[in-house]
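Q: Here is a sequence together with a model predicted from it:
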Amino acid sequence: MPLILVTGATGHVGRRFTKRLLERRAAGTEVRVLVRDEERGAPFAAQGASLMVGDLREEKDLRRAMEGAHAVVNIAAAFRGVPDEEAWAVNRDAAVALGRAAVEAGTSRFLQVSTNLVYGASRGRPLTEDDESRPGGLLWGAYPASKAEAERELLALHHEHGLDLRIGSLAFVYGDGDPHLANVLPHAAEWAGSQRLAMVHHADATQALLRLLRAPGGTAGGSVSGRKYNIVDDAPATTVELFQINGVPLPEGMTERTDEDPWFGITSNLRLRDELGWRPLYPSMWTARDAGVL
């Protein structure tokens with residue numbers, strides 16, 4: 001795997017993943033990062049990555065970034081708070097265009113980073129990778145809808161054109177200095193105290209994505225090609241615990257509210273455990289707190 005292209009390297013997930021990828025790359029492996037801001041990409045250049053300044057939404061930049069790439073890690077995402085058209089342009093259109101470019105270039109593997117929000121409505125049990133996307137639920141919108149559509153179209157490229165696709169579906173990512181844990185509180189203030197949030201520490205998200213990137217592809221038995229893996233720790237946190245770990249008093253009335261759907265957003269990590277031997281370093285938010293890695 002001589003050249004790995006990473007998109008979204010300056011985001012919260014991408015920044016931490018790319019740093020660890022560069023630290024742990026095999027001898028002879030090159031890492032190229034596509035960034036819109038050269039200054040924000042400078043830390044990766046200092047670690048030995050090659051920078052390419054461009055926009056994933058521009059075909060000429062996308063194809064230039066793909067030249068010579070043997071593997072792609074697509075972490076780029078337009079999250080909540082952006083206009084819907086931007087979410088669709090980045091999360092679906094650019095991801096699928098990148099997949100098509102990978103097919104044309106004969107790229108050996110394509111890792112798509114997705115979100116557990118694509119499952120949408122609850123099923124009354126932990127969600128598994130074989131569950132289809134059903135629009136609905138507390139956090140449904142352009143972000144999960146566009147990510148779900150990207151998964152469908154990339155899987156079509158796998159089935160119809162042989163794209164060696166592997167999908168990593170992230171739960172709520174936190175830790176390693178990410179402000180995500182504090183930033184969720186304004187949203188969680190209206191939730192029931194017992195409502196649970198599926199979570200995964202950045203270190204565990206990275207080790208899972210690295211396993212997916214390095215796992216054998218092809219069509220042989222046991223291949224990860226064309227498969228999706230939920231990346232989530234072992235113990236969802238309740239809303240009350242989110243406020244406790246941030247040291248913030250509980251909003252008035254929170255403990256009196258009823259959680260009407262205790263399975264909303266809760267995903268199973270059994271496939272990742274059983275097929276790739278993954279185990280979370282931090283099985284719960286409290287384990288991460290005790291280790292001093294929040």
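A: That came through fine. Residues are numbered from 1 along each chain as shown.
Q: mind listing the strands for the stretch 151-294 of the chain?
A: Secondary structure of the stretch 151-294 of the chain (DSSP state E, counting those that start in this stretch): strands at 165-170, 172-174, 196-197, 199-201, 227-231, 237-238.
Q: Mind checking the ones you listed for the one nearest to A102?
A: A102 lies closest to strand 165-170 among the strands of the stretch 151-294 of the chain, at 8.9 Å (Cβ to Cβ). Where C-beta positions appear, they are placed from N, C-alpha and C, glycine not excepted.
Q: I'd like the average pLDDT over that closest one.
A: What strand 165-170 shows for mean pLDDT is 98.
Q: tilt between it and strand 227-231?
A: With axes from the mean of the first three to the mean of the last three Cα atoms, to 10 degrees defining the directions, strand 165-170 sits at 20 degrees from strand 227-231.
Q: Sheet partners, orientation included, of strand 165-170?
A: In the sheet, strand 165-170 lines up against strand 109-115 (parallel), strand 227-231 (parallel) (DSSP bridges).
Q: Same list (the ones you listed) but as CSV, adding mean neighbour count.
A: Below are the strands paired with strand 165-170 laid out as CSV (neighbours: other Cβ atoms under 10 Å):
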stretch, mean neighbour count
strand 109-115, 24
strand 227-231, 24
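Q: the longest helix in the protein is where?
A: helix 142-161 (DSSP state H).
Q: what comes into contact with it?
A: 77-80, 84, 87-88, 90-92, 95-96, 99-100, 103, 110, 112, 114-115, 117-118, 120, 133, 135, 163-165, 167, 225-226, 228 (Cβ atoms under 8 Å, 6 or more residues apart in numbering).
Q: Just the buried ones out of these, please.
A: Buried members of those, counted by 16 or more other Cβ atoms under 10 Å: 77-78, 87-88, 90-92, 95-96, 99-100, 103, 110, 112, 114-115, 117-118, 120, 133, 163-165, 167, 225-226, 228.
Q: Mark which of those are part of helices, please.
A: Using DSSP H, the buried ones among the contacts of helix 142-161 in helices are 87-88, 95-96, 99-100, 103.
Q: Tell me the one among those residues nearest to E260.
A: Using Cβ to Cβ, these come closest to E260 at A87, 27.0 Å.
Q: Surely the closest one is in contact with D93?
A: No. The criterion here is Cβ atoms under 8 Å, and A87 misses it with D93 at 10.1 Å.
Q: between the two, what contacts are shared?
A: Common contact partners of A87 and D93 (Cβ under 8 Å, 6+ apart): none.
Q: Quick check: mean pLDDT of stretch 185-198?
A: On average, stretch 185-198 scores 95.
Q: Using JSON lines, please lay out the strands paired with strand 165-170 together with mean pLDDT.
A: Output for the strands paired with strand 165-170, formatted as JSON lines (pLDDT from 0 to 100):
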{"stretch": "strand 109-115", "mean pLDDT": "97"}
{"stretch": "strand 227-231", "mean pLDDT": "97"}
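Q: And these: which comes nearest A182?
A: Checking the strands paired with strand 165-170 against A182 by Cβ to Cβ gives strand 109-115 as the closest, at 19.8 Å.
Q: Give me the contacts around the closest one.
A: So strand 109-115 is contacted by 1, 8, 13, 70-75, 77, 95, 98-99, 102, 143-144, 147, 150-151, 154, 163-170, 209, 212-213, 217, 225, 228 (Cβ under 8 Å, 6+ apart).
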